[in-house]
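Q: 3D model of this:
(chains A and B)
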There are 2 protein chains.
Amino acid sequence: MLPGVKLMVKYPSGSMAAFRKPNKRKIRKSYTHKKGVNFSDRGMTLEQQINESNKYYLEEEMAVVHKKPTPVQIVKVDYPKRSKAVIREAYFRQASTTDYNGVYKGYYLDFEAKETKNKTNFPLKNFHEHQIFHLNACLKQKGICFTIIEFTSLQRYFVTPASFVISAWQKNNKSSMTLKEIEDNSYEICSGFRPTLPYLEAVDHFIADREMKNGRE
Amino acid sequence: MLPGVKLMVKYPSGSMAAFRKPNKRKIRKSYTHKKGVNFSDRGMTLEQQINESNKYYLEEEMAVVHKKPTPVQIVKVDYPKRSKAVIREAYFRQASTTDYNGVYKGYYLDFEAKETKNKTNFPLKNFHEHQIFHLNACLKQKGICFTIIEFTSLQRYFVTPASFVISAWQKNNKSSMTLKEIEDNSYEICSGFRPTLPYLEAVDHFIADREMKNGRE
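A: Residues are numbered from 1 along each chain as shown, chains lettered A, B, ... in the order given. Sure, this is the predicted structure:
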């Protein structure tokens, strides 16, 4: 491409959206509706659903949660005349945190979101060591820490306390969490319209659980 | 550069460090020491000092605070054989938050850091609208929100509550905060050894102030 020629592609959310394969679920979805109009999910990836929910929560002044940008090591930048700076050489860096954090009613929220096509279990190798380390560090600082797992084939969404995920991840002989374990240790939420994914409902439960626990101490 | 040839330059912190002018203060500093060995500052930029402090706080399990990566819109990526992916075309995006956030003793922290060479005032145009908007939104969610301002010529560091900065920024006829105003409305902290910039001392004051205020209500 010639210098000075500008190509700005707008993606719905997140800088990584460009590298995702076309979402085939969109097509499938339109055939699985049983009756009536269903605004939920709408073929969006989990990331898109969470970003849209965060936008809703921000607009409604309910919470301030943002996805962190992909960390990039920038090596070379061109400054073409009459055009904006173009990064010409850069590398993906290892993140040191989870993808999402923010604040809700004075509480610090921190979470990671994962999709799986599996129907019966969630492979723990989907969590990276730095994510587990970070969730654990935030838990020690009394953050509200959790994961949002989507079983894409089942269209089910689980908000699971980080404490449960960390202890499962740390077990040497455990390669996955079964759907049953996740059901027993999570709040299940349903994809909806506004917000697309009402994960604060689960957060309210975590806060209530914590306050009940603190009251007992 | 040929494909497959890898150039990874390691910078001390943050992907933007590559584009900063050489830090001249390092040279100046070595002549301004009056007596004894002074480990503080050490010619670091404010960003470097905060990153180093965050590393210390993380290691000591005192707080989990990270700088957010620079948001980048990635357009083209090469995957050379036997080498890591190279971003070949990308653009800087407008951030929608401040640079730093995290968790400390259950409190959500959110702040922006700014340097000025001025000696008598801090120009308010250094804060961008999205930063003011974000700080305000986080305040409404009861986050502990502030700015860290370094007067580089004076080697003085001020931790100022976001509420004061926001109200100054919103005044139409006000283009800067005077040093006196900042002194009167901030906690001043001193550059030290471990951590380099002990800003949690100021946060402790903010928390105490808040709890005193809540007690009164």
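Q: going forward, measure contacts and count neighbours with C-alpha atoms only.
A: Fine.
Q: biggest strand in chain A by residues?
A: For chain A, the strand that runs over the most residues, judged by DSSP state E, is strand A:107-116.
Q: do that one and chain B meet at all?
A: Yes: contact of strand A:107-116 with chain B (Cα under 8 Å from any Cα of the partner chain) involves A:Tyr107, A:Tyr108.
Q: enumerate every residue touching the nearest residue to A:Phe206 once chain neighbours are set aside.
A: Leaving aside its sequence neighbours, A:Phe206 sits nearest to A:Ile144 (Cα to Cα, 6 or more residues apart in numbering or on different chains; 7.4 Å). A:Ile144 is in contact with A:Tyr107, A:Tyr108, A:Leu109, A:Asp110, A:Cys138, A:Val203, A:Phe206, A:Ile207, counting by Cα atoms under 8 Å, 6 or more residues apart in numbering or on different chains.
Q: who's A:His66 bridged to?
A: Beta-bridge pairing for A:His66 (DSSP bridges): A:Asn101.
Q: any idea how far it is from B:Lys81?
A: 34 Å (Cα to Cα, to the nearest Å).
Q: more neighbours: those two, which one.
A: A:His66 (18 against 9; other Cα atoms under 10 Å in any protein chain shown).
Q: buried sites along the longest strand of chain A?
A: Neighbour-count burial for strand A:107-116, counted by 16 or more other Cα atoms under 10 Å in any protein chain shown, picks out A:Tyr107, A:Tyr108, A:Leu109, A:Asp110, A:Phe111, A:Glu112, A:Ala113, A:Glu115, A:Thr116.
Q: nearest to chain B, of those?
A: A:Tyr108 (4.8 Å; Cα to the nearest Cα).
Q: report the longest helix in chain A, please.
A: Counting residues, the longest helix in chain A under DSSP state H turns out to be helix A:200-216.
Q: direction-wise, compare that helix with strand A:107-116 and give the angle.
A: 130 degrees (axes from the mean of the first three to the mean of the last three Cα atoms, to 10 degrees).
Q: just the residues contacting stretch A:196-214, thanks.
A: Residues contacting stretch A:196-214 (Cα under 8 Å, 6+ apart): A:40-41, A:49-50, A:52-53, A:144, A:159, A:161, A:187-192.
Q: okay, A:Lys171 and chain B: tell me how far apart.
A: Per Cα to the nearest Cα, to the nearest Å, A:Lys171 is found 23 Å from chain B.
Q: now for that residue, how many residues are close by?
A: 10.
Q: which residues touch it?
A: No contacts exist for A:Lys171 under Cα under 8 Å, 6+ apart.
Q: most remote residue from chain A's center?
A: For chain A, the residue at maximal distance from the C-alpha centroid (Cα atoms, centre = their mean) is A:Lys81, at 38.3 Å.
Q: quickly list what the residue nearest to A:Phe206 is bridged to.
A: Applying DSSP bridges, one finds that A:Ile144 bridges with A:Leu109.
Q: make JSON lines out of the buried residues of strand A:107-116 and add distance to B:Pro198 and pLDDT.
A: Formatted as JSON lines, the buried residues of strand A:107-116 follow (distance: Cα to Cα, whole Å; pLDDT from 0 to 100):
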{"residue": "A:Tyr107", "distance to B:Pro198": "23", "pLDDT": "98"}
{"residue": "A:Tyr108", "distance to B:Pro198": "21", "pLDDT": "98"}
{"residue": "A:Leu109", "distance to B:Pro198": "24", "pLDDT": "98"}
{"residue": "A:Asp110", "distance to B:Pro198": "24", "pLDDT": "98"}
{"residue": "A:Phe111", "distance to B:Pro198": "27", "pLDDT": "98"}
{"residue": "A:Glu112", "distance to B:Pro198": "29", "pLDDT": "98"}
{"residue": "A:Ala113", "distance to B:Pro198": "33", "pLDDT": "98"}
{"residue": "A:Glu115", "distance to B:Pro198": "40", "pLDDT": "97"}
{"residue": "A:Thr116", "distance to B:Pro198": "42", "pLDDT": "97"}
